[in-house]
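Trainee: sequence plus the predicted model coming up.
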Amino acid sequence: MMDAHAVTRIGSQDKDLQELFCDYVPHVFRRADFRRWRAWGQWSDDYHAFALMESGRVVANTSVMRMRLVLEGREVTGYQLGAVGCLPSHRGRGLARVVMNAALDACGDVPVLLFANPSVRQFYPRFGFQPQMQTLFATPYDAVPAGPPAPTLSLENAAVRAGLATLSSEGRPSTERFGARGYATVASWPVANGFARPLRQLGTDAWAFAGVEGETLYLDDVFAREPFDLRAWIPRLIDRPIRSIRFGFTPERYWPEAVTAGEDMEADLFVRNFHPSQEAHRFPVMAHT
Ligand SMILES: CC(C)(COP(=O)(O)OP(=O)(O)OC[C@H]1O[C@@H](n2cnc3c(N)ncnc32)[C@H](O)[C@@H]1OP(=O)(O)O)[C@@H](O)C(=O)NCCC(=O)NCCS
């Protein structure tokens, strides 16, 4: 029966099929929801879901996000897979394999990456993926709040969404080692799901996802049109004293003296058709689908 399964490719214009995709997602990923993200107009031409349909619903899916990857300073088109799953009732019949193969055929020979979870570490190597270590970066840094707090921006606001898209697309990537540009519709996903740290405005053309926990400032990502003095903004990003900063990306340009702070055991990055930098690196957390 397997060859009776035709894969449906759901794109930005396929509104009815998008609804079916949105119905499928919470059956497989408890905390994930694509509805708000979609309502924000974030399902762009860069995003396609490769879905198997049965009785008018999606039963298995692999999604593909086109990415402008930055590999050692070089921009390369690649893809990031996400929402890979099969309804619990339909597992073990080769359905995930069918959608994975359809998605990978569409990607071709270019770099493909994905962030997995511990339950599927043995699944992706079946499709030509290799595990790739991600490193955590941190720096000791004593600072106290000072000056007017950096304004918080809301992606509920369409103008802010457009601004993030422009900065991400035209500005400097937060890291050149292994990063990306133009991923505003990726960064908006955790925001739409309520998982992201606040987006703060540092001057006119520099925005950062950042927040304090305990005595640590978590600087998840920085979107900036021009080089700027990130350090000068730290007192305006914190509402209490901090003793350290942790980075959601390789801070080789923003904080070159940051040190590696172990392996990111939660990343579960898998790569196909390429090898990221040999140097320690962390693909920006806001660019994970
Ligand atoms: C992982 C998942 C997508 C597999 O779906 P499925 O339809 O049961 O998978 P398939 O039947 O197509 O399996 C294809 C092959 O992978 C193997 N496989 C399936 N799940 C696996 C797993 N978790 N780990 C290792 N191998 C696995 C199967 O044994 C099969 O191998 P075979 O061809 O040699 O028999 C499904 O279990 C799921 O939705 N899990 C929860 C969501 C999730 O964690 N997704 C990954 C997000 S990164």
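Mentor: Now that the structure is in, tell me what you want to look at.

Trainee: touching, Trp40 and Ser188? I think so.
Mentor: Yes. If you go by Cβ atoms under 8 Å, Trp40 and Ser188 touch, sitting 6.3 Å apart. (Each C-beta comes from the backbone N, C-alpha and C, glycine too.)

Trainee: can you dump the C-alpha atoms of stretch 113-128 in PDB for me?
Mentor: The C-alpha coordinates for stretch 113-128 follow below in PDB (Å, rounded to 0.1, in the frame of the first residue of the first chain):
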ATOM      1  CA  LEU A 113      20.200  20.800   8.800                       C
ATOM      2  CA  LEU A 114      17.700  20.100  11.600                       C
ATOM      3  CA  PHE A 115      17.400  20.200  15.300                       C
ATOM      4  CA  ALA A 116      16.200  16.900  16.700                       C
ATOM      5  CA  ASN A 117      15.500  15.500  20.100                       C
ATOM      6  CA  PRO A 118      16.900  12.500  22.100                       C
ATOM      7  CA  SER A 119      14.100  10.200  20.900                       C
ATOM      8  CA  VAL A 120      15.100  10.400  17.300                       C
ATOM      9  CA  ARG A 121      18.900  10.400  17.400                       C
ATOM     10  CA  GLN A 122      18.900   7.100  15.600                       C
ATOM     11  CA  PHE A 123      16.300   8.100  13.000                       C
ATOM     12  CA  TYR A 124      18.000  10.900  11.100                       C
ATOM     13  CA  PRO A 125      21.300   9.000  10.300                       C
ATOM     14  CA  ARG A 126      19.000   6.700   8.200                       C
ATOM     15  CA  PHE A 127      18.500   9.700   5.800                       C
ATOM     16  CA  GLY A 128      22.200  10.700   5.500                       C
END
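
Trainee: and the end-to-end length of stretch 279-289?
Mentor: Using Cα to Cα, to the nearest Å, one end of stretch 279-289 lies 23 Å from the other.

Trainee: and stretch 64-81, by the same measure?
Mentor: 5 Å.

Trainee: close to the ligand, is it?
Mentor: No. Residues of stretch 64-81 contacting the ligand under Cβ under 6 Å from any ligand atom: none, with a closest distance of 7.9 Å.

Trainee: now the helices for the stretch 51-200 of the chain?
Mentor: Secondary structure of the stretch 51-200 of the chain (DSSP state H, counting those that start in this stretch): helices located at 95-107, 158-170, 184-192.
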